[in-house]
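J.: Here is a sequence together with a model predicted from it:
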Amino acid sequence: MMIAGAIICSLIFLGVAFSTIKSPKIPIPEWMHHVTLDFSTTPILGVMILLMTQIVSLSDLWQSLIGDDNIRPLEIIVLFFSLAYVCLSLDSCGIYTWLAIKAVGITKGKESRLFFCFFVLSSILTIFTSNDIVILTVTPVIAYITKFTKMNPVPHLFAQFFASNILSISLYIGNPTNIIVGEAFRIGFLQYSGWMMLPAWTSGITCITVLWIVFRKDLEGQVQIPNITIPIRRYEAIYGILCLFLCLILLAASNWIHISIWIITASFAGLMFIKDLISDGIAIRTYHRKLNEEKIEASYRERDRTDENHFSTVSLEDVDSTTDLQMEEMVDGEPVNGDVPTNGSNSDQPSTPEDFGIAPRIPRWTHGQTAVSIRRLPWKIVPFVIGMFVMVHSLALVGLIPIFAQGLAFLINAFNANILTILFVTYLSAILCNILNNQPMTILMTSILLDPQIAQTISLEERNLAMYSIIMGSNYGANITLIGALAGIMWNTILHDRNIEITYLQFLKTGCKVTPVVIAVGCFVFWIESTVISIE
């Protein structure tokens with residue numbers, strides 16, 4: 001039964017990984033429709049199969065959700081989504097797009113400067129937010145600017161994507177995989193950055209250098225940058241920036257104030273949520289006040305046209321509801337109908353702030369800043385992460401995790417050198433990202449490293465080196481193929497929606513030219529750190 005369970009679990013795990021990568025469509029002839037098995041549906045289907053085959057019981061299911069002293073899935077999900085809401089709420093004010101447009105303006109249209117500009121901008125934003133946020137917010141800006149100027153978008157998009165997946169190593173919150181490992185091994189916020197900041201930045205410098213060598217012939221032109229004015233809600237943006245920085249400060253001090261990281265991020269998400277509700281309420285109230293004023297003016301104009309000498313009162317209810325269409329001017333100095341003010345007249349200019357991810361001032365709760373920020377959250381990640389935690393737990397139940405742990409411990413002992421351990425675990429993790437996807441890989445490798453077999457066989461120093469190596473590999477691995485991370489799938493979807501095609505083979509060729517060198521540099525720097533400062 002144990003062998004049969006191990007085979008079933010392995011097949012389900014690989015099947016979910018395959019569906020995450022390929023998203024197969026199953027036709028249903030009677031309904032003349034199809035069902036797409038993507039990364040949000042197949043993990044749940046896999047869990048159902050595990051329950052039906054009785055490999056996992058309901059109590060096992062519950063235990064895998066609440067976790068143990070090491071891995072707590074629900075806390076990880078709350079941490080990730082609360083921080084994502086803070087960043088997306090800030091983005092809906094227009095601040096990220098405004099920064100991007102300002103940065104682009106400094107380049108004066110030189111493609112080589114634009115290339116470095118997008119890399120640096122993506123790096124900085126990733127450090128203070130996360131790679132997924134940068135993918136959601138900066139990708140549409142690059143797609144629009146390259147389309148408008150008729151530039152080749154490929155070098156600039158690679159610069160942005162690679163930067164966001166390398167510099168995401170810098171902070172604990174830069175990538176969900178960092179959070180998974182950090183929570184499992186109770187790594188402190190400052191402790192994490194102390195070890196990972198230098199490898200991340202040296203890897204970033206290496207990456208931009210190699211990318212420049214690869215794309216230098218495509219970056220010799222000069223283009224006319226479109227003159228765009230982005231509407232920005234100044235006071236809300238200031239409030240959001242203060243919340244984000246205060247959140248980062250408290251996260252850094254979490255070990256001293258003895259507050260869990262997920263509680264800190266959830267608290268600031270609550271503050272941003274309250275701010276968004278108040279902002280939407282004020283916008284709706286202002287809209288209706290101005291609408292009533294317009295109706296009164298319309299009623300007086302109608303009365304004057306009917307009889308100039310007649311001063312009878314006209315009821316507001318008698319005014320045609322079409323006067324609602326006249327309220328498209330300004331609310332609090334901003335466009336109500338969502339138009340983006342521009343200084344140019346080119347028809348290719350975006351017509352709504354939502355083209356850049358900015359929440360327009362539409363007087364309905366369903367279109368306000370709160371609703372826009374909530375809708376933009378990557379909700380599909382929830383069933384994916386929960387399902388993967390359950391499946392990895394099932395691998396432990398059938399005895400596969402201890403076997404994997406024995407194998408890993410044997411190899412680490414065979415190397416008998418810290419640099420070889422770092423290189424092996426990092427490259428292994430990066431490769432597994434492109435077989436399983438980075439989040440399942442991280443959950444699996446973390447579970448292996450937590451197995452008692454590891455603690456009994458290898459030293460604490462070797463375990464800690466492997467722990468940070470998994471983090472580096474989970475980030476680097478996203479830059480080898482489009483399927484190495486959910487960020488790549490999301491990035492490719494955004495580009496496809498904007499008629500920009502980067503094929504799997506094209507991405508693979510560039511990833512194989514750049515990423516192995518970047519990994520080697522990052523591992524070497526981390527090894528130097530570990531020889532200078534004890535990591536035990």
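T.: Cool, the structure landed. Everything numeric here is computed off the predicted structure, so don't read it as measured data. Numbering: from 1, shown residues only.
J.: hey, where'd the strands end up in the stretch 1-150 of the chain?
T.: Counting by DSSP state E, counting those that start in this stretch, the stretch 1-150 of the chain has these strands, from start to end: 25-28, 33-36.
J.: how about the ones you listed in TSV, adding mean neighbour count?
T.: (Glycine included, C-beta is placed from N, CA and C.) Below are those laid out as TSV (neighbours: other Cβ atoms under 10 Å):
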stretch	mean neighbour count
strand 25-28	10
strand 33-36	12
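J.: okay, these in JSON lines with distance to residue 490 and mean pLDDT next?
T.: Output for the strands of the stretch 1-150 of the chain, formatted as JSON lines (distance: least, Cβ to Cβ, whole Å; pLDDT from 0 to 100):
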{"stretch": "strand 25-28", "distance to residue 490": "19", "mean pLDDT": "75"}
{"stretch": "strand 33-36", "distance to residue 490": "16", "mean pLDDT": "74"}
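J.: As CSV, those with distance to residue 216 would be great.
T.: Formatted as CSV, the strands of the stretch 1-150 of the chain follow (distance: least, Cβ to Cβ, whole Å):
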stretch, distance to residue 216
strand 25-28, 41
strand 33-36, 40
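J.: Where does pLDDT dip in the protein?
T.: 1, 20-21, 29-32, 300, 303-367 (pLDDT under 70).
J.: The same query, at a cut-off of 80, please.
T.: For the chain, applying pLDDT under 80 flags the ranges 1-2, 5, 16-36, 38-39, 68-70, 224-231, 287-288, 290-368, 536.
J.: could you point out the longest helix in it?
T.: In the chain, ranked by residue count with DSSP state H as the criterion, the top helix is helix 261-306.
J.: Could you pull out the helices in the stretch 301-450 of the chain for me?
T.: 369-376, 381-397, 400-415, 418-436, 438-450 (DSSP state H, counting those that start in this stretch).
J.: Go through the ones you listed and name the closest to residue 79.
T.: Among those, helix 381-397 comes nearest to residue 79, with 11.5 Å by Cβ to Cβ.
J.: May I see the buried residues of that closest one?
T.: 381, 383-397 (16 or more other Cβ atoms under 10 Å).
J.: any idea how far residue 186 is from residue 70?
T.: 8 Å (Cβ to Cβ, to the nearest Å).
J.: From the chain's centroid, how far away is the longest helix of the chain?
T.: Remark: helix 261-306 is offset 30 Å from the chain centroid, using Cα atoms, centre = their mean, to the nearest Å.
J.: go on, stretch 505-521?
T.: 21 Å.
J.: mind listing what's buried in it?
T.: Neighbour-count burial for stretch 505-521, counted by 16+ other Cβ under 10 Å, picks out 507, 510, 511, 514, 515, 518, 519, 521.
J.: Which secondary structure elements does the helix or strand hosting the first one sit against?
T.: Per DSSP states H and E, residue 507 falls inside helix 504-532. Taking 3 or more Cβ pairs under 8 Å, 6 or more residues apart in numbering; DSSP states H and E as contact, the helices and strands that helix 504-532 lies on are helix 153-166, helix 189-215, helix 418-436, helix 460-476.
J.: For residue 196, the count of nearby residues, please.
T.: By other Cβ atoms under 10 Å, the residues close to residue 196 number 25.
J.: Would you quantify the distance from it to residue 231?
T.: 37 Å.
J.: quick one, phi/psi of the nearest residue to residue 271 once chain neighbours are set aside?
T.: Nearest non-adjacent residue to residue 271, counting by Cβ to Cβ, 6 or more residues apart in numbering: residue 243, 5.7 Å away. The phi and psi values for residue 243, taken as degrees, to the nearest 10, are phi -60, psi -40.
J.: Could you report the separation of the most centrally placed residue in the chain from residue 84?
T.: Among the residues of the chain, the one closest to the centroid is residue 132, at 1.4 Å (Cα atoms, centre = their mean). Residue 132 is 7 Å from residue 84, where distance means Cβ to Cβ.
J.: Now do the shared contacts for the two.
T.: Both residue 132 and residue 84 are in contact with residue 378, where contact means Cβ atoms under 8 Å, 6 or more residues apart in numbering.
J.: so what's residue 115 up against?
T.: So residue 115 contacts 155, 156, 159, 211, 212, 215, 219 (Cβ under 8 Å, 6+ apart).
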